[in-house]
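Visitor: I'd like to go over a predicted model; first the sequence, then the structure.
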Amino acid sequence: ALLSGQSWRGTFINQRRDGSLYHDEVTLSPVFDERGKRIAIVGLHEEVSERMRAQAELQRRERMLNELLEQQTAIFDNAPPMVLICDRHLRQFNPAFAELMGESTAQLQGRHASFLFGGEAPFEAFRSKVMPGLHPHEAVRDTAVLYRPDGSVFHARLSGRRLQMEGFANASLWVIEDVTEARKAEAALREIHERLELAQEAGKIGVFDVDLLSGRILWSSKLSVMMGFAPDKQPLSRDEWLACLHPQDRQRARDHFDACINGTQDSVRDSWRVVRQDGEVRWFLEAARIFRDETGKATRVVGVNVDIHDQKQLEAQVAAQLDFQQALIDAIPVPLFYKGADGRYTGFNRAYEQAFGVNRSDFIGKTVQELAFLPEELRMQFRQSGVARQNEGRGGFVRFWHVLRHLGHAPLLGNGEVATVFVQRAIEQGKQGGFACAIAPHQADFFARVECDGDVVQQHLGAPAQDDIFESDHENAGRARGLRSALPRPPCVG
């Protein structure tokens, strides 16, 4: 440049005499005589270290600003639906807002914001409610039913903040969250909770949750009320819970619970009495699941307590009634036994035990077919007799008689006597129920009357004692010839 007669400007790093460095800006210009000949070069030096540092700082800040703008743009574009409203019009919004509205950017840009609220009046009502609290450094949160351009509605949660923007009197940035599905889930959860409350109320059930690691106990309000506490009160520790139990059940309940959690079981089930705050004693059933960690250590127990006091009282009443009925049956001098619908012995009276020298505990739960002392043919005879009656499938009560020859077993029957076995069986809707039998000595022929479905059948069973051991009244079956085998002094069977 100097050779061509032009000036040159540049910067370079120079060194002072003290060794420090500085930025030097130099301007060199050629000097010419009257003939145009360059006769000298004039130089102008200026230290520009501060200016260079200022320029470098400015460039650094510009880079930071550009990076920040890029970050904000990325956040804005990937954030939940956001919209900038300036003087009641949509000024800017992100892709999520356009997707939520179901329209393109061009269709939404500059549109009046009243469509979001279904009209001008609802929009102004919303503004009147939120504008007093809308500040640049404080967000306003509210919920509203918003409208899409196609007229569909959704429940929204809004969060807005006022902005200061040149050229606009009012500007605010809003984040809009569609909570329609969340509202439905909340409604479903409330419905489930209400059903649970109704189920607990109807079934007298209370829920509990025990954290075995921290010792924290959580009761449902229903369980608190069942135990005699206020709905918001409950025992805070295991010892306080044990204090609620009846003194006679407390140690047993403690030992059983400890055995379950210290063992390998995944559940615990027990029943005990509770002494309520008002002094009332009630029975409860505990049924819970035990949660264990990977080492098998119990960490949590979640379950229910069920008020079974009414059931316990009913069981006690039934037991007392059964004891009373057994006492009445034992008072009857005629030997009696009774069976279930499956043909298994369910009981005997004392006269039966005394008459035949048997112990009722040896026969309860067994059937005739399971008695090894009976010949196979006789057991088959009994089995066929029961199957035939079951196949008839008649309703009401059916009465029939068996004739059984009992050989030489004192004191009720002498050798060669015939015993009449009276059997009453209940057949309900085609399904056999249990039956009871009474045994009495009989040495004469007799008539058996079979009553079923209104039909009356007379059948003569005049069987000589020495020929027939067993006969039944099955219709059209004829006389069943007995087995002429000597029984080795067995107890009477039916």
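Guide: Yes, it's here. In this text, all values refer to a predicted model and were calculated from it rather than measured experimentally.

Visitor: Low-confidence ranges, the stretch 301-450 of the chain, go.
Guide: Applying pLDDT under 70 to the stretch 301-450 of the chain picks out residues 371-375, 378-379, 381-450.

Visitor: which residue packs closest to R141, ignoring adjacent ones?
Guide: Distances taken as C-beta to C-beta, 6 or more residues apart in numbering put S159 closest to R141, at 5.0 Å, once the chain neighbours are dropped. In this view, the C-beta of every residue, glycine as well, is placed from N, C-alpha and C.

Visitor: Confirm that neighbour sits in a strand?
Guide: Yes - counting by DSSP: H, G, I helix; E, B strand; the rest coil, S159 is part of a strand.

Visitor: can I assume E47 is in contact with V26?
Guide: No - if you go by C-beta atoms under 8 Å, E47 and V26 don't touch, sitting 10.6 Å apart.

Visitor: List the contacts of the helix or strand harbouring L285.
Guide: Element membership of L285 [criterion: DSSP states H and E] is strand 281-292. Strand 281-292 has contacts (C-beta atoms under 8 Å, 6 or more residues apart in numbering) with 208, 226, 246, 260-261, 265-276, 298-309, 311-312.

Visitor: Tell me which residues touch V42, please.
Guide: Counting by C-beta under 8 Å, 6+ apart, V42 has contacts L28, S29, P30, V31.

Visitor: nearest to A74, of those?
Guide: Distances from A74 to the contacts of V42, taken as C-beta to C-beta, are shortest for L28 (48.6 Å).

Visitor: Could you pull up the contacting residues of that closest one?
Guide: Contact analysis of L28 by C-beta under 8 Å, 6+ apart lists L2, S7, W8, R9, I41, V42, G43, L44.

Visitor: hmm, back to that, return the subset of the contacts of V42 lying in strands.
Guide: Among the contacts of V42, the members falling in strands (DSSP state E) are L28, S29, P30, V31.

Visitor: Show me what the second one is bridged to.
Guide: Right, the one you point to is S29. Per DSSP bridges, the residues bridged to S29 are V42.

Visitor: sorry, back to before: give the buried subset of the contacts of strand 281-292 as a PyMOL selection command.
Guide: Those of these that count as buried under 16 or more other C-beta atoms under 10 Å are selected in PyMOL with:
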select buried, resi 208+226+260+261+268+271+272+273+274+275+298+300+301+303+304+305+306+307+308+309+312
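
Visitor: Now, the contacts of strand 281-292 that are in strands?
Guide: Using DSSP E, the subset of the contacts of strand 281-292 located in strands is 208, 267-275, 298-307.

Visitor: Parallel or antiparallel, which strands does the strand holding L285 pair with?
Guide: Sheet pairing for strand 281-292, using DSSP bridges, gives strand 267-275 (antiparallel), strand 298-307 (antiparallel).

Visitor: All the strands of the stretch 1-150 of the chain, residue numbers only.
Guide: Here the stretch 1-150 of the chain has its strands, by DSSP state E, counting those that start in this stretch, at 8-15, 21-32, 38-47, 82-86, 89-93, 140-147.

Visitor: got JSON lines for these, with distance to R344 too?
Guide: As requested, the strands of the stretch 1-150 of the chain are exported to JSON lines (distance: least, C-beta to C-beta, whole Å):
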{"stretch": "strand 8-15", "distance to R344": "114"}
{"stretch": "strand 21-32", "distance to R344": "113"}
{"stretch": "strand 38-47", "distance to R344": "119"}
{"stretch": "strand 82-86", "distance to R344": "78"}
{"stretch": "strand 89-93", "distance to R344": "81"}
{"stretch": "strand 140-147", "distance to R344": "69"}
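
Visitor: deepest of those strands, which one?
Guide: Of these, the one with the most neighbours on average (mean count of other C-beta atoms under 10 Å) is strand 82-86, at a mean of 21.

Visitor: rewinding a little: nearest to T180, out of the contacts of L28: which one, please.
Guide: Of all the contacts of L28, T180 sits closest to R9, with 67.7 Å by C-beta to C-beta.

Visitor: How much space separates the closest residue to that closest one other than its chain neighbours from L212?
Guide: Among residues not flanking R9 along the chain, T27 sits closest, at 4.8 Å (C-beta to C-beta, 6+ apart). With distances taken as C-beta to C-beta, to the nearest Å, T27 is found 86 Å from L212.

Visitor: Pull the contacting residues for the nearest residue to G228 once chain neighbours are set aside.
Guide: Once flanking residues are discounted, G228 sits nearest to R276: 3.1 Å by C-beta to C-beta, 6+ apart. Contacts for R276 (C-beta under 8 Å, 6+ apart) come out as M227, G228, C244, R282.

Visitor: 7 Å instead, please
Guide: Contacts for R276 (C-beta atoms under 7 Å, 6 or more residues apart in numbering) come out as M227, G228, R282.

Visitor: Next, count neighbours for the second one.
Guide: It stands for G228. Close neighbours of G228, defined as other C-beta atoms under 10 Å, add up to 16.

Visitor: do the first one as well
Guide: The burial metric for M227, expressed as a neighbour count using other C-beta under 10 Å, is 22.

Visitor: What's the per-residue pLDDT of it here?
Guide: The confidence metric pLDDT takes the value 86 at M227.
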